[in-house]
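Enquirer: Fold the stuff below for me.
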Amino acid sequence: MQSVEITIGPVTFDHADLDAENDVLYLHVGAPRIAEGEETAEGHVLRYAPGSRQIVGLTILGVQRIVDRDGELRVTMPRSVAVSAEDVRQALLRR
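Expert: This is a model prediction of the structure:
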């Protein structure tokens, strides 16, 4: 797990794990922890602290493909927000 700072909507994620082989980016607020997942409209998974709506993680499937294709990343949390490709690349480069 690498230290990173990427803000998506109202949440600043400070840790990232990249599974480059499967093109999956795992973002965390603090260290990974037990959480409840909910799929976003885009097919990502928001992770909440149990019993709350406090976002503690985000799993982005196909992250490199999306950034290369669209030039940005969109996530609904609960409203849709856009993240620049440059901001996402910070997490992708920290392998």
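
Enquirer: C-alpha from now on. contacts and neighbour counts both.
Expert: OK.

Enquirer: Could you pull up the residues touching the closest residue to Glu39 other than its chain neighbours?
Expert: Of all residues not flanking Glu39 in the chain, Val45 sits nearest, at 4.4 Å (CA to CA, 6 or more residues apart in numbering). Shown in contact with Val45 (CA atoms under 8 Å, 6 or more residues apart in numbering): Gly37, Glu38, Glu39, Leu58, Thr59, Ile60.

Enquirer: out of the residues you listed, who has the most neighbours?
Expert: Leu58 (25 neighbours; other CA atoms under 10 Å).

Enquirer: For the strand ranked longest in the chain, which helices and strands make contact with it?
Expert: Ranked by residue count, the top strand of the chain under DSSP state E comes out as strand 11-19. Packed against strand 11-19 by the contact rule (3 or more CA pairs under 8 Å, 6 or more residues apart in numbering; DSSP states H and E) you find strand 2-8, strand 24-28, helix 85-93.

Enquirer: May I have the shortest one exported as CSV, CA atoms only?
Expert: Read it as strand 24-28. The C-alpha trace of strand 24-28 is given here as CSV (Å, rounded to 0.1, in the frame of the first residue of the first chain):
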residue,chain,number,x,y,z
VAL,A,24,-8.1,-2.3,-10.4
LEU,A,25,-7.3,0.6,-8.1
TYR,A,26,-8.1,0.3,-4.4
LEU,A,27,-8.3,3.7,-2.6
HIS,A,28,-8.5,4.0,1.2
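
Enquirer: now that strand against strand 11-19, angle please.
Expert: 140 degrees (axes from the mean of the first three to the mean of the last three CA atoms, to 10 degrees).

Enquirer: and for strand 24-28, what are the contacting residues?
Expert: So strand 24-28 is in contact with 13-19, 56-63, 92, going by CA under 8 Å, 6+ apart.
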